[in-house]
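> Give me a 3D structure for the following:
(2 chains)
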Amino acid sequence: MITEVGNFILSISATLSLCMFSVIFFKKYVGINSRYTFCKIISLTISFLILVSFILLAYAFLTDDFSLRYVANNSNISLDTIYKFSAVWGAHEGSILLWVLVLSVWASCIPILSSNMPKNIIIDMLSIMGILILFFLTFILFSSNPFDRIFPIPLNGRDLNPLLQDPGLIIHPPMLYIGYVGTSVPFVFAVAVLLNGHINTEWISWLRKWVVTSWVFLTIGISLGSWWAYHELGWGGWWFWDPVENASFMPWLAITALLHSLIVSEKRELFINWTILLAILTFSLSLLGAFLVRSGILVSVHAFANDPERGLYILLFLSLVIGLSLALYFLKSKLLISNNQYSITSKEFILLLNNLFLTITTFSILLGTLYPLITSSLDLGKISVGAPYFNFIFSALMLPIVFLMSFAIYSSWSKTNYSYLIKKLGLLLFYSVIIVYIYMNFYLQSDIFVVFLALSLAIFTIFSSSIKILQFLYNSGCSNILKSIFSLPSSMVSNIFAHIGIGVLIIGITMSNYYSIQKEVVMKKNSQVTIKDTSIKFIGVKNKISNNYASQVGIFDAYKNNNYLISFFPEKRTYNIQKNIMTEAAINSTLTRDIYVALGESLSNDSWVVRIYYKPYIQLLWYGVGLMILGGLFGIFGRNKLENIK
Amino acid sequence: MIKITKTNRKRIVKISIFFFAISSFSALLIYAFSKNMVYFYTPTQIIEKEAPMNSFIRIGGMVKENSLVKSNDSLKVSFKIHDLEQVINITYDGILPDLFAEGQGVVMTGTLINEDTFIADEVLAKHDENYMPPEVADMMKEKNGVLYKK
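Numbering: from 1, shown residues only, chains lettered A, B, ... in the order given. Take a look at the predicted model:
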């Protein structure tokens, strides 16, 4: 029953999205209002129908309906209910369904939140959305159908990949997808604008909220994935420059660049062509990510499908989208009026440099990710590009961006009084350098130059951003502090929060990368290991049986200055169905450090290999990301100008 | 002669800044890229001396049955890998991945210290029971093909 209904609903949605696309051809024959109403209703209907099919699939999972191949392959009677639900997007077919669901919801939000946008632009945007939705729906129906049957019906399913049975992974894919797919909005906007040959700053400021929203979700999604890797993989790392991670990071960099170029286009009518091109490129990078992850070219925990046909289909679509939209861009972009006058002492010039650096960074990551794939598919040898490449390139390109950030915050549009700026920021930079120098020499007793550079720039950014906001509060002249805090323009608050977040993030990354202590030791019962100022005593290992796995739980007591601090219970799990062994690390976090204990292998009954890490300030990484997200939220929900102050 | 006006001068400054930025990044990129490319070799290629000594490479193969030797009081292990033709000795000081097992595919990064001994810095095994590292899968397919022809 579910199979028929599911397929029927998906086919209807595909037909409707074709109808929505065809509206673009009826410009001359049907009035604008009826086309608009038609598109609005159709887009809402499509997202409703796809939601129903999604709920159907979820229902099949929750009721253990193993007549569906997808359910049988990815679920099991003994799986926890919450993981039965998250298994809906735990593998290829379901995740594509989630993808198209998110896409259709984004599409139906466009007319609802259209505010002052002209109807013809909205109609064109929706038509393009129609063809995108149609593509993904046909992809599902012909090559990745989650509603396919299996015969004979198995009594029990093959279980969800144990790596995915983790709280972090319940919401990581939806968040990431909302962000990923959100890049389709600036893309359809760019195409609609190119088709109409006209743009104005009001539209750009409208688009900016969409881009910020998608940026926020992408940031949440990527950081959740990172957080999951840190907790679940048992290596204490949080970023591996794995091609799949890069596939999500490239759109993030591109959309971050887009965010900044949109500001310039909105405020100064500058770089409009570049902004439009960047919107196209960002979506192309999202599709490229989908291709890399879904084609089976890469083998990793993210790549479920090893079906070359699927890869070919996405590749074809990818080249079609990039080819057609770039052709349109080169034909039509001259029509867009863009101001081309800017001075090198202006804010727009610094933001241009930001875009330049971010684009080059994206390109370098793209090169490192694709080059091994290209040589391997052309039989030119098997090469891998190691993490040192990415680390080197990334830090070399990020440090100048971070340096420029403070200048961007303090400079003004059109022309900046540089002597004043340099005096002010030079002093701040000087203080930051002195503070970091003192800290590193007397407290850390370390003289790594890169660390010195990174920390100085991070502190500089935090200082300059905080002082900017304090200065604004001081100048606002309100006697009531609360009132003046609420009177801050949200664009400023959002920008300051995000940039302080970057500073905090850099401190977290640098400190935890350079000053982590790791020990891999053989521990016998009641033996002790001291790491930094904490000694960790191995008490023993006990067995635990859970629903769908059996585990060995290590018991470790930590002492600091001979006072009991906390106990650690790292686990080694063996999942019943797939016989996978999983390491669950035990982590104790405070602001200044994480202690991370993971079980290795057992050498004999009471002697285990144990992995213990001391990671200073790694929590700042998550706080930094949190601040960036908070900044993004201010950008979405905050008031634009000082309009509502009484 | 072209007169250098104020606007022209500004334009020259802008263009040279971009030119300078882009060319220095390209240099940086090429340098970092060429330094960090890691080539993959099979045991046969190593025995045939195609792989460089004492430089960072990746190798892969199947872990030979009954070849794993563990130490009792340290993390040092040694084992052999093969590609159906040649065998290479591996030494490693660290924790083996959860899914490391004899008879399974494995990929390592590290350095070759003589014709048939490799010191591994990092050992990667599969994610689940069906997964084989792609390099090893390709290699075994090739070798099997050769065997059938014989």
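
> Counting neighbours, which bits of the longest helix along chain B end up buried?
Looking across chain B with DSSP state H, the single longest helix is helix B:6-36. By 16 or more other C-beta atoms under 10 Å in any protein chain shown, the buried positions in helix B:6-36 come out as B:25, B:28-29, B:32-33, B:36. Every residue, glycine included, has its C-beta placed from N, CA and C.

> after it comes which helix or strand?
strand B:37-41 (DSSP states H and E).

> do you know how far A:Ser214 is from chain B?
Computed as C-beta to the nearest C-beta, to the nearest Å, the A:Ser214 to chain B distance reads 27 Å.

> again, but for A:Ala408
Remark: distance between A:Ala408 and chain B (C-beta to the nearest C-beta) = 16 Å.

> mind checking which helix or strand the residue positioned nearest the centre of chain B is in?
In chain B, the centroid-proximal residue (C-alpha atoms, centre = their mean) is B:Arg58; its distance is 2.8 Å. Using DSSP H and E, B:Arg58 maps to strand B:56-63.

> can you check A:Tyr564 too?
strand A:563-568.

> May I see the buried residues of the helix or strand just after that strand?
Later in the chain than strand A:563-568, the nearest helix or strand by DSSP H and E is strand A:571-575. Neighbour counts over strand A:571-575 (16+ other C-beta under 10 Å) mark A:571-573, A:575 as buried.

> Out of those residues, which one has the lowest pLDDT?
Ranked by pLDDT, the buried residues of strand A:571-575 bottom out at A:Tyr575 (85).

> My read is that that residue contacts A:Leu163, right?
No: at 9.7 Å, A:Tyr575 does not count as touching A:Leu163 under the criterion of C-beta atoms under 8 Å.

> residues shared between the contacts of the two?
Both A:Tyr575 and A:Leu163 are in contact with A:Met582, where contact means C-beta atoms under 8 Å, 6 or more residues apart in numbering or on different chains.

> How is the chain partitioned into domains?
In the absence of a named chain, this looks at chain A. Under automatic domain parsing, the residue ranges defining each domain of chain A are A:1-165, A:178-327+A:346-404, A:417-515+A:620-637, A:517-617.

> let's do chain B instead
Split by automatic domain parsing, chain B gives B:1-37, B:40-149.

> Which of those has the highest mean neighbour count?
Mean neighbour count, computed with mean count of other C-beta atoms under 10 Å in any protein chain shown, is highest for domain B:40-149 among those, reaching a mean of 17.

> can you list the residues of chain B near chain A?
B:10, B:13-14, B:17-18, B:21-22, B:25, B:28-29, B:32-33, B:35-40, B:56, B:58, B:70, B:72-75, B:94-96, B:98-99, B:109, B:127-129, B:131, B:133-135, B:138 (C-beta under 8 Å from any C-beta of the partner chain).

> where does chain B have its least confident helix or strand?
helix B:134-149 (a mean of 59; mean pLDDT, DSSP states H and E).

> How about the backbone phi and psi for A:Lys28?
Dihedral pair for A:Lys28: phi -80, psi -20, per degrees, to the nearest 10.

> Now do the same contact list for it.
Neighbouring residues of A:Lys28 by C-beta under 8 Å, 6+ apart: there are none.

> Alpha carbons only: can I get stretch A:403-422 in CSV?
Listed next in CSV are the C-alpha coordinates belonging to stretch A:403-422 (Å, rounded to 0.1, in the frame of the first residue of the first chain):
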residue,chain,number,x,y,z
PHE,A,403,43.6,40.7,9.6
LEU,A,404,41.3,42.6,7.2
MET,A,405,38.2,42.0,9.2
SER,A,406,38.9,44.7,11.8
PHE,A,407,39.7,47.2,9.0
ALA,A,408,36.4,46.3,7.3
ILE,A,409,34.5,47.0,10.5
TYR,A,410,36.1,50.4,11.1
SER,A,411,36.3,51.7,7.5
SER,A,412,33.5,53.6,5.8
TRP,A,413,31.9,53.3,2.5
SER,A,414,33.4,55.3,-0.4
LYS,A,415,36.3,56.8,1.4
THR,A,416,38.0,56.3,4.8
ASN,A,417,40.2,58.6,6.7
TYR,A,418,43.1,56.2,6.9
SER,A,419,45.4,58.1,9.1
TYR,A,420,42.8,58.0,11.9
LEU,A,421,42.0,54.4,11.2
ILE,A,422,45.6,53.2,11.3
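
> For that stretch, buried residues please.
A:404-411, A:416, A:421.

> quick one: which two of the residues you listed are the most distant?
Within the buried residues of stretch A:403-422, A:Met405 and A:Thr416 form the most distant pair, 14.9 Å apart (C-beta to C-beta).

> check contacts around the closest residue to A:Thr81 other than its chain neighbours.
Nearest residue to A:Thr81, sequence neighbours excluded (C-beta to C-beta, 6 or more residues apart in numbering or on different chains): A:Leu62, at 6.9 Å. Residues counted as contacts of A:Leu62 (C-beta under 8 Å, 6+ apart) are A:81, A:84-85.

> quick one, phi/psi of A:Leu380?
According to degrees, to the nearest 10, A:Leu380 has phi -100, psi 20.

> Next one, pLDDT for it please.
77.

> ok, it to B:Met37 distance?
12 Å (C-beta to C-beta, to the nearest Å).

> hmm, back to that, may I have the strands that pair with the strand holding B:Arg58, each with its orientation?
Here strand B:56-63 has these sheet partners by DSSP bridges: strand B:37-41 (parallel), strand B:76-82 (antiparallel), strand B:105-114 (antiparallel).

> how about the domains of chain B in TSV, adding distance to A:Phe21?
Formatted as TSV, these follow (distance: least, C-beta to C-beta, whole Å):
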stretch	distance to A:Phe21
domain B:1-37	39
domain B:40-149	38
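
> Averaged pLDDT, stretch A:619-638. What do you get?
Mean predicted lDDT for stretch A:619-638 stands at 94.

> What is the longest helix of chain B packed up against?
helix A:347-377, helix A:387-410 (3 or more C-beta pairs under 8 Å, 6 or more residues apart in numbering or on different chains; DSSP states H and E).

> Give me the buried positions along the helix or strand that the last one is followed by.
Sequence order places helix A:418-438 as the next helix or strand after helix A:387-410, per DSSP H and E. For helix A:418-438, burial by neighbour count (16+ other C-beta under 10 Å) applies to A:421, A:425, A:428-429, A:432-433, A:436.

> is chain B contacted by helix A:418-438?
No: judged by C-beta under 8 Å from any C-beta, helix A:418-438 stays clear of chain B, getting no closer than 14.1 Å.

> elements contacting that helix?
Other helices and strands packing on helix A:418-438, by 3+ C-beta pairs under 8 Å, 6+ apart, are helix A:387-410, helix A:449-476.

> In CSV: the ones you listed, plus mean pLDDT.
Output for the helices and strands packed on helix A:418-438, formatted as CSV (pLDDT from 0 to 100):
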stretch, mean pLDDT
helix A:387-410, 91
helix A:449-476, 91
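
> Let's have those in JSON lines, adding distance to A:Leu505.
Shown next, in JSON lines, are those (distance: least, C-beta to C-beta, whole Å):
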{"stretch": "helix A:387-410", "distance to A:Leu505": "10"}
{"stretch": "helix A:449-476", "distance to A:Leu505": "8"}
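
> Was I right to think A:Lys209 contacts A:Gly635?
Yes: contact criterion C-beta under 8 Å: A:Lys209 and A:Gly635 qualify, at 7.5 Å.

> Please identify which of those two sits among more neighbours.
Using other C-beta atoms under 10 Å in any protein chain shown as the criterion, A:Lys209 and A:Gly635 rank with A:Gly635 on top: 24 against 16.

> Spatially, which residue comes closest to that one, not counting chain neighbours?
Once flanking residues are discounted, A:Gly635 sits nearest to A:Ser494: 3.8 Å by C-beta to C-beta, 6+ apart.

> mind listing what that neighbour touches?
The contact partners of A:Ser494, by C-beta under 8 Å, 6+ apart, come to A:212, A:631-635, A:638.

> Just the buried subset of these, written out for PyMOL, thanks.
Selection of buried members from the contacts of A:Ser494 for PyMOL, criterion 16+ other C-beta under 10 Å:
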select buried, chain A and resi 212+631+632+633+634+635
